[in-house]
Each structure stands twice: as C-alpha cells, then as structure tokens.
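Enquirer: Give me the fold of what follows.
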Amino acid sequence: MTDTTAKPEAPSYRYLVLGLLFIAYTFNFIDRQIMGILNVPIQTELGATDGQMGLLGGLSFAMLYCGLGIPIAYLADRWDRSWIMTVALALWSGFTALCGVAQNYTQLFLARMGVGVGEAGGVAPAYSLISDYFPPKERARALAVYSFGIPIGSAAGIAFGGVIAATFDWRIAFIVVGLGGLLYAPLFRLFMREPPRGRYDSKAIASDADKPKGGALSQFFAALGYIGKKPSFWLMSTGAAFSSMMGYGSFYWIPTFLQRSYNFDVQTAGFYYGAILLVGGVIGVWLGGFLGDKLGAGKRAMFVLVPAGAWLLAMPCYAIGLLSPSPAVAFFLFLVPTALGLVWLGPVIAAVQHLAPVAMRTMASACFLLINNLIGIGVGTWALGQLSEALSERYGEESLRYSILAGTGFYVVAALLYLIAARVLKRDWVD
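Expert: Residues are numbered from 1 along each chain as shown. Prediction:
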C-alpha cells in the first residue's frame with residue numbers, strides 16, 4: 001500500500017535530502033563535463049579529430065545513458081530509489097576513474113560508455129524523490145536547487161580538471177574525480193531514506209493494485225502511451241532537446257575554443273570558463289525555479305513561456321560574445337547566455353512531473369530525458385565537432401568559433417516549440 005497521508009519529515013531533513021541529491025548531481029556533471037577541458041591534451045596524445053572528440057563527448061556517453069534510463073525508471077517506480085542512485089553513483093564514478101587508464105581512443109570510448117551506464121540511474125529517480133519530499137508549490141525551486149549540480153558540477157569539472165591536467169596530466173584528472181564519487185557513494189546511502197510516494201499529490205495512486213502492470217518495456221510503452229497523447233510532452237521534450245544541443249555542445253567545445261582562438265593554456269581556460277559556468281549557471285537555474293513557482297502558480301503556460309523567452313535572449317548574447325576579439329569582453333557576454341540557457345531546468349522539469357500520475361512519474365521523466373539527452377547530448381557535441389571539422393579548411397583554428405555560432409540557432413527552434421506548448425500545457429496538466 002502506498003501511504004499518501006504520511007506525516008512529512010521536518011524541513012531540516014528535506015533540505016538534507018536535497019543537499020545529498022545536489023552533491024550526487026554535482027559529481028554527475030563533474031564526471032560528464034570534465035571531457036570538455038581535457039579535449040586538447042587528449043587530442044594531442046591520441047591524435048583524434050574534432051569529429052571523433054564530438055563522438056567521445058556525446059554519443060559514447062548518450063547511447064547507454066539514454067537506453068538504460070527506461071529499465072532503471074521502471075525499477076525506481078517500484079524499488080528503493082536511494083539504493084538505485086547509490087549503485088549508479090558508484091558505477092559512473094568507477095568508470096570515470098577507468099578513463100584515466102585508457103591507452104587509446106577505443107578504450108576511452110568504451111570507458112565513457114560505462115560512465116553513461118552509471119549516470120542512467122542518477123537523474124530520473126532523483127526527480128521522483130524530490131517530488132515526494134516537496135509539495136507542488138515548492139517543487140520548481142527544489143528541482144532548481146537540485147539542478148545547481150549542472151553549473152556547479154560543470155564548473156568544478158572544467159576548473160579542477162584544468163588544474164590537475166596542467167599539474168600532472170589528463171589521466172590523473174579522470175582518476176581523481178572518479179575516486180571522489182566512489183568515496184561519496186556510501187555516505188549518500190547512509191543518510192538517504194525512501195519517502196512515501198505521492199503524498200503531496202491529490203491524484204496519487206492509492207495502492208499497489210492501482211499501479212500499471214507489466215515489465216520495464218511494457219511500462220515504458222504504457223507511460224509513453226499516456227503522455228504521448230499530450231502535445232505538450234512532445235513539444236517540451238523536443239524543444240528541450242534542441243536547447244540541449246547548444247547547451248551541451250557549448251559546455252563541451254567552448255574550453256577548446258578558448259585554447260584555440262584566445263591561446264589560453266588548459267589551466268587558464270579551465271578557470272575562465274569554470275567561473276562563467278558557476279556564476280551564470282547558478283543565477284540562471286535559480287531564476288528559472290523562482291519564476292516557475294512564482295508565475296506558474298497563476299498561469300501554467302508560464303512554465304514554458306519563461307524558458308522560451310530566455311532562449312530567445314540567449315542567442316544574440318552568445319553571438320556577440322563568440323565574435324568578440326577580446327576575452328575580457330567575451331567573459332561578461334558569455335555570463336548572460338549561460339544563465340539564460342539554464343533557466344528552463346526548474347520550470348520544465350516541474351511541468352513534466354505533472355504530465356502523468358504518480359505511479360508513472362519516474363517513467364514519464366525517463367521518456368522526457370530519453371528524447372532530450374539522446375538528441376541533446378548524442379547529437380549536439382558531435383554536430384558542432386563535425387561542423388568545426390568541415391569549416392576548418394576555410395577558417396583554420398577559428399572553425400570552432402563559427403561552429404558554435406551556428407549552434408545558437410538551436411535556441412530559436414526550441415523557443416518556437418515552447419511558444420506552441422504554452423497553448424496546450426494547461427489542458428495536459430495532472431494535479
């Protein structure tokens with residue numbers, strides 16, 4: 001029996017849970033984004049092209065990360081989510097450390113696939129846990145705090161990765177950050193408790209008999225069949241995917257752009273872009289969560305209108321920054337679109353939680369993440385790398401500048417899809 005009337009924990013424990021999940025997500029993005037700052041030394045040693053490095057940063061990770069998200073979400077809708085996340089954290093951290101002992105491109109590609117295997121269990125269960133620890137009126141902000149792991153983890157991975165690579169080499173950088181996650185995994189499990197499911201939701205499923213039946217694949221199709229009838233799901237998922245093509249692509253390639261176009265060394269590029277991600281990213285994620293809860297309470301459409309407006313503003317800021325000949329000017333110009341590019345996280349993730357009933361919530365999140373990440377991670381970094389390679393004959397070392405500039409067009413597509421989603425979101429909402 002699912003207890004939807006259990007007394008909520010003290011606020012202090014809810015915030016401890018949020019902190020534990022945030023730290024796990026920070027490790028998630030440290031291990032995911034450290035590749036960006038290590039591109040140049042890896043290319044120098046392994047002789048890989050921009051196209052190959054794009055595959056290494058995107059498709060190698062995304063293939064199993066996206067595919068395994070479905071069976072893991074099935075388990076998370078039924079089993080202890082804290083154990084699932086603990087095992088996932090240990091797996092992705094261990095494979096990150098293994099990246100440091102890879103002797104060639106193929107071995108590194110396989111190790112990055114292993115990182116994707118672990119990280120497949122690190123996000124959708126966390127969304128579900130937060131939804132069971134925080135009521136709807138606080139959910140977008142709670143998810144935004146959790147999502148601080150994206151800019152903070154990305155900043156830490158790029159900054160510390162640059163320092164370690166400059167002091168030792170790129171292999172030690174992978175080993176150090178991987179071992180850090182392995183040490184955190186038992187602490188995470190020690191303090192994380194499984195909450196009652198759906199206690200804050202008026203349409204929570206009341207008993208195990210009410211849960212959808214079948215295995216992981218049938219559950220995936222059941223959830224997809226439910227939310228797939230809602231136009232807002234497809235518009236939000238596809239729009240987020242287009243934004244992520246630019247988001248993940250820029251996170252991955254801008255450190256290399258800085259080293260090529262501004263002649264930064266690996267450590268300077270790490271501190272420079274790490275600071276942009278930390279300041280701009282935290283502001284953007286929090287702003288999105290705040291606006292989602294504040295404006296979305298009165299008008300559901302604001303959960304998608306806020307991200308649409310942010311993406312439209314981000315595009316020209318990125319363009320001006322990329323074309324700036326001065327790294328000092330570019331620093332401040334990059335801060336703004338970095339913040340705006342992450343505004344969507346809190347409101348959109350919160351909205352996705354309300355497209356399905358409680359028993360389908362984790363699987364619905366997995367469906368959303370499958371579309372977003374398969375296109376955003378799998379295609380984004382590869383597409384910008386391939387375009388850079390194609391432009392290299394004309395622009396030489398400046399090819400990445402124009403490749404990333406072209407990528408800003410993905411924000412326009414994302415914004416248009418979200419403007420359409422604003423017309424149907426209220427109708428598709430489940431309270």
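Enquirer: Figure out how far stretch 188-203 is from the centre of its chain.
Expert: Counting by Cα atoms, centre = their mean, to the nearest Å, stretch 188-203 is centred 22 Å from the centre of its parent chain.
Enquirer: Please put the alpha-carbon coordinates of it into PDB.
Expert: Provided in PDB are the C-alpha atoms of stretch 188-203 (Å, rounded to 0.1, in the frame of the first residue of the first chain):
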ATOM      1  CA  PHE A 188      24.800   9.100   0.300                       C
ATOM      2  CA  ARG A 189      23.300   5.800   1.100                       C
ATOM      3  CA  LEU A 190      23.800   6.200   4.900                       C
ATOM      4  CA  PHE A 191      21.700   9.400   5.100                       C
ATOM      5  CA  MET A 192      19.100   9.000   2.300                       C
ATOM      6  CA  ARG A 193      15.700   7.500   3.200                       C
ATOM      7  CA  GLU A 194      12.900   6.400   0.800                       C
ATOM      8  CA  PRO A 195       9.800   8.600   1.200                       C
ATOM      9  CA  PRO A 196       6.100   7.600   0.800                       C
ATOM     10  CA  ARG A 197       5.200   8.000  -2.900                       C
ATOM     11  CA  GLY A 198       2.700  10.700  -4.000                       C
ATOM     12  CA  ARG A 199       1.800  12.000  -0.600                       C
ATOM     13  CA  TYR A 200       1.600  15.600  -1.800                       C
ATOM     14  CA  ASP A 201      -0.500  14.900  -4.900                       C
ATOM     15  CA  SER A 202      -4.300  14.900  -4.900                       C
ATOM     16  CA  LYS A 203      -4.500  12.200  -7.600                       C
END
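Enquirer: Go through it and flag the buried ones.
Expert: Residues 188-189, 192, 195-201 are the ones in stretch 188-203 that count as buried (16 or more other Cβ atoms under 10 Å). Where C-beta positions appear, they are placed from N, C-alpha and C, glycine not excepted.
Enquirer: same deal with stretch 133-141?
Expert: Using 16+ other Cβ under 10 Å as the test for burial, stretch 133-141 gives 133-134, 136, 138-141.
Enquirer: Dump that stretch to CSV, keeping only the CA atoms.
Expert: Taking Å, rounded to 0.1, in the frame of the first residue of the first chain, the C-alpha atoms of stretch 133-141 are listed here in CSV:
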residue,chain,number,x,y,z
TYR,A,133,9.8,15.3,-0.5
PHE,A,134,8.5,18.7,-1.7
PRO,A,135,4.8,19.8,-2.3
PRO,A,136,3.9,21.2,-5.7
LYS,A,137,4.2,24.9,-4.6
GLU,A,138,7.8,24.4,-3.8
ARG,A,139,8.7,21.8,-6.4
ALA,A,140,10.2,24.0,-9.2
ARG,A,141,12.5,25.7,-6.7
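Enquirer: How about residues contacting that stretch?
Expert: 9, 14, 17-18, 130-131, 142, 195, 200-201, 288-290, 292-293, 296-297, 303, 346-347, 349-350, 353-354, 431 (Cβ atoms under 8 Å, 6 or more residues apart in numbering).
Enquirer: Can you pull the phi/psi pair for the residue nearest to residue 166 when sequence neighbours are not counted?
Expert: Excluding its sequence neighbours, the residue lying closest to residue 166 (Cβ to Cβ, 6 or more residues apart in numbering) is residue 267, at 3.9 Å. Phi and psi for residue 267, reported as degrees, to the nearest 10, are phi -70, psi -40.
Enquirer: Quick check: the gap between residue 267 and residue 127.
Expert: Distance of residue 267 to residue 127, given as Cβ to Cβ, to the nearest Å: 35 Å.
Enquirer: who has more neighbours, these two?
Expert: Just comparing residue 267 and residue 127: by other Cβ atoms under 10 Å the higher neighbour count belongs to residue 127, 27 against 17.
Enquirer: May I have the residues that are in contact with the residue nearest to residue 355 when sequence neighbours are not counted?
Expert: Excluding its sequence neighbours, the residue lying closest to residue 355 (Cβ to Cβ, 6+ apart) is residue 227, at 5.0 Å. Residue 227 makes contact with 233, 355-356, 360, 364, 367, according to Cβ under 8 Å, 6+ apart.
Enquirer: Dump those residues to CSV, plus distance to residue 105.
Expert: Putting these into CSV (distance: Cβ to Cβ, whole Å) gives the following:
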residue, distance to residue 105
233, 37
355, 40
356, 41
360, 40
364, 37
367, 33
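Enquirer: What is the neighbour count of residue 420?
Expert: Applying other Cβ under 10 Å, we find 14 residues neighbouring residue 420.
Enquirer: Please, which helix or strand holds it?
Expert: Per DSSP states H and E, residue 420 falls inside helix 409-421.
Enquirer: Any buried residues in the helix or strand bottoming out on mean pLDDT in the chain, and which?
Expert: Using mean pLDDT, DSSP states H and E, helix 216-227 stands out as the lowest-scoring helix or strand of the chain, at a mean of 77. By neighbour count with 16+ other Cβ under 10 Å, helix 216-227 contains the buried residues 216, 219-220, 222-224, 226-227.
Enquirer: is it true that residue 420 touches residue 235?
Expert: Yes - Residue 420 is in contact with residue 235 according to Cβ atoms under 8 Å; the separation is 5.6 Å.
Enquirer: circling back: just give me the least confident of the contacts of residue 227.
Expert: Looking at the contacts of residue 227 by pLDDT, the weakest one is residue 360, with 78.
Enquirer: Please name the nearest non-neighbouring residue to it.
Expert: If the residues on either side of it in the chain are set aside, residue 360 comes closest to residue 223, at 4.6 Å by Cβ to Cβ, 6+ apart.
Enquirer: How about residue 150?
Expert: residue 29 (5.4 Å).
Enquirer: Could you check how far the one you found is from residue 361?
Expert: From residue 29 over to residue 361 the distance is 23 Å, taken as Cβ to Cβ.
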